[in-house]
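>>> My questions concern the predicted model and sequence given below.
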Amino acid sequence: MTLLPAHPKNIHAVVVGGGTMGADVAVVLARGGCRVTVIDPDEPKRSRLQAHVRQALAPLGLERRADRVMALPRLDALAWADVALVVECIPENLPMKQQLFAELVKYAPASTVLASNSSSFPISAIAQGLDTRGRMLGLHFFMPAHLVPLVEVVRGPDTDPAQADRLCAFMRGCGSVPVLVRKDKPGFLANRLQHALAREAFAMIDEGIATPEDVDAAVRFGFGFRYLAAGPVLQRDHAGLDVHCAAAATMYPTLSIATEPARILSAHVAGGRLGMKTGAGFYDWPEERRRAEQTRYNHLLQQGLALLASELPPIDTDDNTAP
């Protein structure tokens, strides 16, 4: 099996799906020096793409790389011979994803790595019955993909481990921080950690222990603030494993072990309070407040990137020669 090149520079990558996530994944790949083709049937999405990529790359001084991003309406409109990587970013619908990857077999060369950005479906489910299973992986980004450095590289049971290792190296060349998920479990790595936290957070809201506002403050200005410097494992070494072990023995028996979503979360969903996209969730989001919040949020993420700059993979900014 031909391995993915170790560096993204001058490599042709395809993103299928030009929505919010797909457009941001195109930014990440262009940032690394890829030639990027985004496939999406929606003309307005295609027309907005290059300006979005240019704006997102401008803080890095790499806006010129937006010229290497193009958009097409269909798979069959692309010349596939030199495509090394495909990243699927279509809606979270398993039959749709399975159909797409079955169709990609007709277009993508045998050496092309086929990746899915699915946040919920294991790559083994998407790859079921396909002869391309060995070169299929999960490549899970976090919104906004061009501002959150983490990307999960997820191996399925049939994935070639060498291909997974090479995809990690490729993503480091894009300035991302890849983590290798060696078993294809629902939620992968980061979302499993997030949902463990969220289960306890919503359980405490259900019990009347804390308000949503206080839960958010406890995370942002308490242990979450420290996570910028050290993750939960390294943090325990800072604090002392004996301290953590003793606290765990006291608290673990009282932590939520619910197997269903919290009452307040289910009630909000049933009532159509889905968050910013419907104008209300745990907080109310009139349009002006929503725009201000997204600006604040993205600004703080940019500041976080600046703080972590010395620990992030470097980006090759020379466009003249291949690595």
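It's in. The structure displayed is predicted, hence computed values, not measured ones. Numbers count the residues shown, from 1 in each chain.

>>> hmm, who's touching the longest helix anywhere in the chain?
As assigned by DSSP state H, the longest helix anywhere in the chain is helix 287-307. The contact list for helix 287-307 (C-beta atoms under 8 Å, 6 or more residues apart in numbering) reads 59, 144, 147-149, 228, 276, 279, 285, 312. Placement of C-beta: from N, CA and C, glycine included.

>>> can you pull out the strands in the stretch 151-300 of the chain?
Shown for the stretch 151-300 of the chain, the strands assigned by DSSP state E, counting those that start in this stretch span residues 177-181.

>>> quick one: L85 is in a helix?
No. Per DSSP: H, G, I helix; E, B strand; the rest coil, L85 lies outside any helix segment and is strand.

>>> I'd guessed it sits against T112; true?
Yes. If you go by C-beta atoms under 8 Å, L85 and T112 touch, sitting 6.8 Å apart.

>>> quick one: low-confidence parts of the chain?
321-323 (pLDDT under 70).

>>> Phi, psi for the residue nearest to the spatial centre of it please.
The chain has F141 as the residue nearest its centroid, 1.2 Å off, counting by C-alpha atoms, centre = their mean. F141 has phi and psi values of phi -100, psi 170 when expressed as degrees, to the nearest 10.

>>> start at 157 instead
Yep, numbering from 157; the last one is F297 now.

>>> Who are the contact partners of it?
Contacts of F297 by C-beta under 8 Å, 6+ apart are 177, 180-181, 184, 273, 304, 307.

>>> Just give the nearest non-adjacent residue to it, would you?
Spatial nearest neighbour of F297, chain neighbours left out: V307 (5.3 Å); criterion: C-beta to C-beta, 6 or more residues apart in numbering.

>>> what sits against that neighbour?
184, 295-298, 301, 327, 332-335.

>>> Just the buried ones from these?
For these, a neighbour count by 16 or more other C-beta atoms under 10 Å gives the buried set as 184, 295-298, 301, 327, 332, 334-335.

>>> want to try TSV for those, with distance to R452 as columns?
Formatted as TSV, the buried ones among the contacts of V307 follow (distance: C-beta to C-beta, whole Å):
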residue	distance to R452
V184	23
L295	29
H296	25
F297	22
F298	18
A301	19
M327	28
S332	24
P334	28
V335	27
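
>>> Narrow those residues to those in helices?
Residues from the buried ones among the contacts of V307 lying in helices, with DSSP H as the criterion: 184, 327.

>>> Of the buried ones among the contacts of V307, just say which sits nearest to G364.
The closest of those to G364 turns out to be F298 (C-beta to C-beta; 31.3 Å).

>>> next one: phi and psi at that closest one?
Backbone geometry at F298, expressed as degrees, to the nearest 10, gives phi -120, psi 140.

>>> R392 versus A403, what's the distance?
10 Å (C-beta to C-beta, to the nearest Å).

>>> thinking again about what came up before, scan the contacts of helix 443-463 and report the most crowded one.
Counting neighbours by other C-beta atoms under 10 Å, P305 comes out on top of the contacts of helix 443-463 with 22 neighbours.

>>> check contacts around R202.
174, 194, 196, 227-229.

>>> and the end-to-end length of stretch 182-201?
Distance between the two ends of stretch 182-201: 13 Å, counting by C-alpha to C-alpha, to the nearest Å.

>>> quick one: buried residues of it?
Those would be 182-196, 201, for stretch 182-201 by 16+ other C-beta under 10 Å.

>>> can you count the residues close to the nearest residue to R328 once chain neighbours are set aside?
In this structure, R328 finds its nearest non-sequential neighbour in P469, 4.2 Å apart by C-beta to C-beta, 6+ apart. P469 sits with 15 neighbouring residues when counted by other C-beta under 10 Å.
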